[in-house]
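J.: Provided below are the primary sequence and the corresponding predicted coordinates.
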Amino acid sequence: MRDFIDDNYIENILKQAKDPDPERVCEIIKKAYELKGLPPEDVAFLLQTENDELIGEILQAAHKIKEDIYGNRLVLFAPLYIANLCANNCLYCGFRRDNKELNRVALTMDQIAKEVQVLEREGHKRLLMLCGEHPARSSLDYFMEAIETAYSVKTEHGGEIRRINVELAPLEVDGFKRLKKTGIGTYLLFQETYHHETYKKMHPSGPKKDYAYRLTAMHRAQEGGIDDIGMGALFGLYDYKFEVLGLLLHALQLEQDCGVGPHTISIPRLEPAFNAPAAIKPPHPVSDHDFKKLVAIIRMAVPYTGMILTTRETAAMRAEVFALGVSQISAGSRTNPGGYQEDSSEAFRAAQFNLGDTRTLDEVILDITERGHIPSFCTACYRLGRTGKDFMDLAKPGLIQKFCQTNAVFSFKEYLLDYATPATREAGEKLIQKMLDETFKTKRKKMVCDRLQKIEDGTRDVYI
Ligand code: SAM
Ligand code: SF4
């Protein structure tokens, strides 16, 4: 498949939108409220807006769109790094081949099972499994065995992992077909930068050098039957305005060719990483102000695509952007393989990058609950086959609210009973009561109350 990102086109629409007419920007903001998304030319106008008052309106619009489509829920997951050997040399990553000082680790199945036990005992139900790209020590067979291992681990209180999303190097269609059979949720892969020249500079050697092969991986995944896809760009490598348009063009191409766009977009910002020159001094650092703006613009451009924010960001920054459109977050993360069992400084020398938010899962949950967000561990859609286009068809008439909000309450209640500290439990019960009073109406409210009672009585894994 051909490379479909045209740098000149992106640069041209950004040039044409420079110093935008405020009236035109207001019209685009108004259009975004219709929840139909925005074309790249309109997005370029929003990106080129530097007027604080108009940016305020952009943030307000994103907040309203997020509330209308996703309500107050935030889905939680933990990353699980299983190996850090890598044949690539990405200049921003601690796992890069030339980092000779990194402790190299490929976890055994037994070690993976122990990591999963720790995560389950904290209350996690959703994992993102990832590793470096190493044909011998991180092969597809190894990765698939790791997925099977993680799904098989059961702990007390019905502790189990119910959805494993994966982030690993691009595969051929046959590889994706095999991966699909392990029962993965979403396949994630970040293009890192959509700017060709920067991509070339940042990936000097190894299989990842090939821009087009990486770009077209999502199409191959779809061909292999994986219809939940997660895209991303690593913000800080090149101009954020260019990257947002790259993401949007990628999403539109996928939608046009495969009938469904991405399920999620990830928005990692470069973090300092051990012996990684581009991470220590990012070539195009994105300020907090611009980061909030870009999150809001993505929310307006692709309203039904979930947005993922990780513990790369600080607690304060995370709190600010939740309201602007983020729908999934990681919590209690480690980026070194084996890091959930061992937390020594020696183990840390195996980490991919530094974390901005080092709080435990329970601390994050208490914080977001007190801010009025409902934490969700729900995995219902994927287990009921509501994926890809089926999910989007449900999402568009507003059904995310109906299913996801309800399932969020059920999965949160289970968390509160089985894993929460007393303070979190108290705050959580209060939030659930508030939602029963304000969010759920008569018939639905009765159904929700009945099922909450069943959970109190010991039933687990309740969802609709
Ligand atoms: N090795 C695979 C790959 O590169 O696609 C799997 C995922 S890699 C472990 C996860 C992601 O971490 C990369 O795609 C990159 O965007 C991100 N990453 C690497 N170095 C980073 C850094 N210094 N700060 C923030 N994110 C980083
Ligand atoms: Fe390897 Fe991925 Fe890190 Fe690049 S980003 S060095 S491919 S682990």
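T.: Yep, that arrived. Ligands and ions are numbered 1, 2, ... in the order given.
J.: in stretch 448-459, what's buried?
T.: Under the neighbour-count criterion of 16 or more other Cβ atoms under 10 Å, stretch 448-459 has Val448, Arg451, Leu452, Ile455 buried. Every residue, glycine included, has its C-beta placed from N, CA and C.
J.: tell me which of those is nearest to His134?
T.: Ile455 (42.9 Å; Cβ to Cβ).
J.: surely that closest one meets Val409?
T.: No - Ile455 is beyond contact range of Val409, at 9.6 Å (criterion: Cβ atoms under 8 Å).
J.: residues near Met109, how many?
T.: 15 (other Cβ atoms under 10 Å).
J.: confidence score at it?
T.: pLDDT for Met109: 97.
J.: ok, for it, nearest residue in space, not its chain neighbours?
T.: Thr149 (4.7 Å; Cβ to Cβ, 6 or more residues apart in numbering).
J.: can I get the helix or strand containing that neighbour as PDB, trimmed to CA atoms?
T.: Per DSSP states H and E, Thr149 falls inside helix 140-152. C-alpha atoms of helix 140-152 as PDB (Å, rounded to 0.1, in the frame of the first residue of the first chain):
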ATOM      1  CA  LEU A 140       5.200 -12.800  17.800                       C
ATOM      2  CA  ASP A 141       5.100 -16.300  19.300                       C
ATOM      3  CA  TYR A 142       6.600 -15.000  22.600                       C
ATOM      4  CA  PHE A 143       4.100 -12.100  22.600                       C
ATOM      5  CA  MET A 144       1.200 -14.300  22.000                       C
ATOM      6  CA  GLU A 145       2.200 -16.700  24.700                       C
ATOM      7  CA  ALA A 146       2.500 -13.700  27.100                       C
ATOM      8  CA  ILE A 147      -1.100 -12.700  26.200                       C
ATOM      9  CA  GLU A 148      -2.400 -16.200  26.900                       C
ATOM     10  CA  THR A 149      -0.500 -16.200  30.200                       C
ATOM     11  CA  ALA A 150      -1.900 -12.900  31.300                       C
ATOM     12  CA  TYR A 151      -5.500 -13.900  30.500                       C
ATOM     13  CA  SER A 152      -5.000 -17.100  32.500                       C
END
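J.: what packs against it?
T.: If you count contacts as 3 or more Cβ pairs under 8 Å, 6 or more residues apart in numbering; DSSP states H and E, helix 140-152 packs onto strand 73-83, helix 109-122, strand 126-131, strand 163-167, helix 173-181.
J.: who's in contact with the spatially closest residue to Leu309 that is not a sequence neighbour?
T.: The shortest distance from Leu309 to any non-neighbouring residue, by Cβ to Cβ, 6+ apart, is to Val326 (4.5 Å). By Cβ atoms under 8 Å, 6 or more residues apart in numbering, the contact list for Val326 reads Lys66, Leu74, Val295, Met307, Ile308, Leu309, Arg318.
J.: and these, which is closest to Ala17?
T.: Val295 (19.1 Å).
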